[in-house]
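Colleague: Got a sequence here, can you model it:
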Amino acid sequence: YFWKHITTVFSPSADIQIEEGGAYIFYNNQWNLRVRYTGEEISKLFNIPKSYMKAGEPYSFVQNWRRDSRLRGGWALWYIIGKTKDGSLVAGLGILDTVGQLY
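Modeller: Next up is the predicted model:
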């Protein structure tokens, strides 16, 4: 089975220099780190030039696929950590829900 996600990130009010990003998945009744990326790596996935997110500009991970031999749902959580122009550390996250049934 294959699930196709198009995941989009943006900073609503400030330009951000990305430091790190990654994903957690939920199992065993807790969030578990699936993958951690450097700023450069997360920027390649989301097509963010020079790891620099402009305020209000959406950036999408178009080739975000999930596959499994079983048809089952689940939750994933993407996160991004970065710095604003004044050096403040900021973070954002978002949960996606994978459906475990055919339509």
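Colleague: any idea how far residue 97 is from residue 10?
Modeller: Distance of residue 97 to residue 10, computed by Cβ to Cβ, to the nearest Å: 20 Å. Where C-beta positions appear, they are placed from N, C-alpha and C, glycine not excepted.
Colleague: ok, longest strand in this structure?
Modeller: Longest strand in the chain by number of residues, with DSSP state E as the criterion: strand 16-27.
Colleague: ok, residue 97 and residue 10, which is more surrounded?
Modeller: The neighbour count for residue 97 versus residue 10, taken as other Cβ atoms under 10 Å, is higher for residue 10 (16 against 11).
Colleague: Contacts only, for the residue nearest to the more buried one when sequence neighbours are not counted.
Modeller: Counting by Cβ to Cβ, 6 or more residues apart in numbering, the nearest residue to residue 10 once its immediate chain neighbours are dropped is residue 58, at 4.6 Å. Residues counted as contacts of residue 58 (Cβ atoms under 8 Å, 6 or more residues apart in numbering) are 8, 9, 10.
Colleague: Closest one of the residues you listed to residue 28?
Modeller: For the contacts of residue 58, the residue nearest residue 28 by Cβ to Cβ is residue 9; the value is 26.8 Å.
Colleague: now this protein, which segments are flagged as low pLDDT?
Modeller: When the per-residue scores of the chain are filtered using pLDDT under 70, no range remains.
Colleague: Pairing partners for the residue most central in space within the chain in the sheet, please.
Modeller: In the chain, the C-alpha nearest the mean C-alpha coordinate belongs to residue 78, at 3.4 Å (Cα atoms, centre = their mean). Here residue 78 sits in beta bridges with residue 23, residue 94, going by DSSP bridges.
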